[in-house]
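> After the sequence you'll find the predicted model.
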Amino acid sequence: MNYKISHPTKMVECEIDLPASKSVSNRLLIIQALCKQEFAITNLSNSEDTKSLQKALKATATTIDVGAAGTSFRFLTAYLSTLDGNRFILTGSNRMKERPIKELVDSLLELGVEIKYLDKSGFPPLAILGTNITENKVSIDGKISSQFISALLLIAPTLKNGIKLKIPGEIVSKPYIIMTLKLMEEFGISHTWQENTIKIKPQKYSAKNYNIEADWSAASFWYEIASLSSNCNIALNGLTENSIQGDSKVRELFKNLGVQTKFENGSIMLTKKEEKDISKEINLINTPDLYQPLKCTLFAKNLTTKFLGLQTLKDKETNRIKAVEKELLNLVTTKEITTFKDHRMAMSFAPLCLKYDTLQINDVAVVEKSYPNFWNDLKKGGFIITQLTH
């Protein structure tokens, strides 16, 4: 399904209930599965990724297909490895089978888990035999994926001898590792992190009810909208100033792009402010998911900067650097945007109709992966969305 999208006034006033954080939701589901006591999670993400993980954790079948849910695949690779004596086949979409898993598998093999590749070495699908893990020394390269590290940390306290995790090299998306450890702390798990080694002793998760914050990654598209609008008053509900989400840095990144953020009563208000010179370099090593909305905003404003820290983007739902460059060229010629089965492509390019008038966004259902209500929320902001019949 494809949409034509435009905005007649370029002035955006609305109040939006953002979706719950997918990152927090997925970590909590693993903690809930590992905890011996029951607890309630409120405001769980309704994204495809989270639904996929929920379904997998409740599955009775031995073959588990998570579709395109990358976080789910990585967290489950580690989680299923702890289920002693149980055999699983873990698989996913065609794109998932192109996304590397080798470093995480190598770490689990180091811990004594039996895992085999069923197709191409280093990639899904996997055959996993759950093990009573007694080894505790393991290392994993920090520059590949923070999700590999989080997957190991989440299971660590339930292992017989805990874990001593050495992380050589630069760490990408470090705030996501910090998020994992902070959530674990909230459920009673202590750790030490000295230099490049994280140690977690054997401990039990303690149950507590938890309400999930809204998603700062989803907020990034509204920052883009605010920046490209002629004027705006955009209220985004459910965000906190002292968030554990790394993507809350979006408010700093868009400050010089004319967006002011004001916190009030569990919401933020986005309004216009004077634009200033942007940095000559922007390092997104900690927040690579902000690349697409930021790059699209800068393009629309004829601004350039040097982006650093983008090395993980080639292995996402698509190669995000190549996909963005290709579709920005299409803006000038066809005004028809291919989304490459990537939710963030659709959501980053849609706001560009504020600059380039009517755009066509193809395969609009991709937003279900993280922000199912995105198109309805855009309508609340005055965007005109028409479904194309051909």
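Sure thing, it's come through.
> can you give me phi and psi for Val324?
Note on Val324: backbone dihedrals following degrees, to the nearest 10 are phi -60, psi -50.
> which stretches of this protein form helices?
For the chain, the helices defined by DSSP state H cover 22-34, 48-58, 70-81, 102-110, 146-155, 174-186, 216-228, 250-253, 291-300, 320-333, 343-349, 353-356, 374-380.
> so what pLDDT did the closest residue to Leu154 other than its chain neighbours get?
Excluding its sequence neighbours, the residue lying closest to Leu154 (C-beta to C-beta, 6 or more residues apart in numbering) is Ile30, at 4.8 Å. (C-beta placed from N, C-alpha, C; glycine too.) Ile30 is assigned 98 on the pLDDT scale.
> Quick one: residues contacting Lys326.
Thr338 (C-beta atoms under 8 Å, 6 or more residues apart in numbering).
> Could you measure from it over to Asn319?
To Asn319, Lys326 is 10 Å away according to C-beta to C-beta, to the nearest Å.
> Just to check, Ser139 is in contact with Lys164?
No: assessed by C-beta atoms under 8 Å, Ser139 is found out of contact with Lys164, at 9.2 Å.
> Buried residues, the one helix or strand in the chain whose mean pLDDT sits lowest. List them.
Least confident helix or strand of the chain, by mean pLDDT, DSSP states H and E, is helix 320-333 with a mean of 92. Using 16 or more other C-beta atoms under 10 Å as the test for burial, helix 320-333 gives Arg320, Ile321, Ala323, Val324, Glu327, Leu328, Leu331.
> Can you dump the C-alpha atoms of that helix in PDB for me?
Taking C-alpha atoms only, helix 320-333 is exported to PDB below (Å, rounded to 0.1, in the frame of the first residue of the first chain):
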ATOM      1  CA  ARG A 320      20.500   2.800   5.900                       C
ATOM      2  CA  ILE A 321      23.300   5.000   4.600                       C
ATOM      3  CA  LYS A 322      22.900   3.800   0.900                       C
ATOM      4  CA  ALA A 323      19.000   3.800   1.100                       C
ATOM      5  CA  VAL A 324      18.900   7.400   2.400                       C
ATOM      6  CA  GLU A 325      21.300   8.700  -0.200                       C
ATOM      7  CA  LYS A 326      19.300   7.000  -3.000                       C
ATOM      8  CA  GLU A 327      15.900   8.300  -1.900                       C
ATOM      9  CA  LEU A 328      17.200  11.800  -1.300                       C
ATOM     10  CA  LEU A 329      18.100  11.800  -5.000                       C
ATOM     11  CA  ASN A 330      14.600  10.600  -5.800                       C
ATOM     12  CA  LEU A 331      13.100  13.600  -4.100                       C
ATOM     13  CA  VAL A 332      14.500  15.800  -6.800                       C
ATOM     14  CA  THR A 333      13.300  13.600  -9.700                       C
END
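> now it, how far from the chain's geometric center?
Relative to its chain's centre, helix 320-333 lies at 22 Å (C-alpha atoms, centre = their mean, to the nearest Å).
> okay, the angle between it and helix 291-300?
30 degrees (axes from the mean of the first three to the mean of the last three C-alpha atoms, to 10 degrees).
> what's the spacing between the nearest residue to Ala151 once chain neighbours are set aside and Trp193?
Leaving aside its chain neighbours, Ala151 sits nearest to Ala78 (3.8 Å; criterion: C-beta to C-beta, 6+ apart). Distance, Ala78 to Trp193, by C-beta to C-beta: 19 Å.
> higher neighbour count, the two?
Set Ala78 next to Trp193 and count neighbours by other C-beta atoms under 10 Å: Ala78 wins out with 26 against 14.
> ok, now which ones touch that one?
For Ala78, the contact set (C-beta under 8 Å, 6+ apart) comprises Leu104, Leu108, Ala151, Leu152, Leu154, Ile155.
> mind checking pLDDT for the fourth one?
Predicted confidence (pLDDT) for Leu152: 98.
> I'd guessed it sits against Asp106; true?
No: using C-beta under 8 Å, Leu152 is not in contact with Asp106; the gap is 11.3 Å.
> Mind checking which of the two has more residues around it?
Ranked by neighbour count (other C-beta under 10 Å), Leu152 and Asp106 place Leu152 first, with 26 against 16.
> and the gap between that one and Ile200?
9 Å.
> need the buried residues of helix 320-333 in JSON lines with distance to Thr50, can you?
JSON lines is the format used below for the buried residues of helix 320-333 (distance: C-beta to C-beta, whole Å):
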{"residue": "Arg320", "distance to Thr50": "21"}
{"residue": "Ile321", "distance to Thr50": "26"}
{"residue": "Ala323", "distance to Thr50": "24"}
{"residue": "Val324", "distance to Thr50": "25"}
{"residue": "Glu327", "distance to Thr50": "27"}
{"residue": "Leu328", "distance to Thr50": "30"}
{"residue": "Leu331", "distance to Thr50": "32"}
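> ok, now how distant is the residue nearest to Ala151 from Thr63?
Ala78 is 18 Å from Thr63, by C-beta to C-beta.
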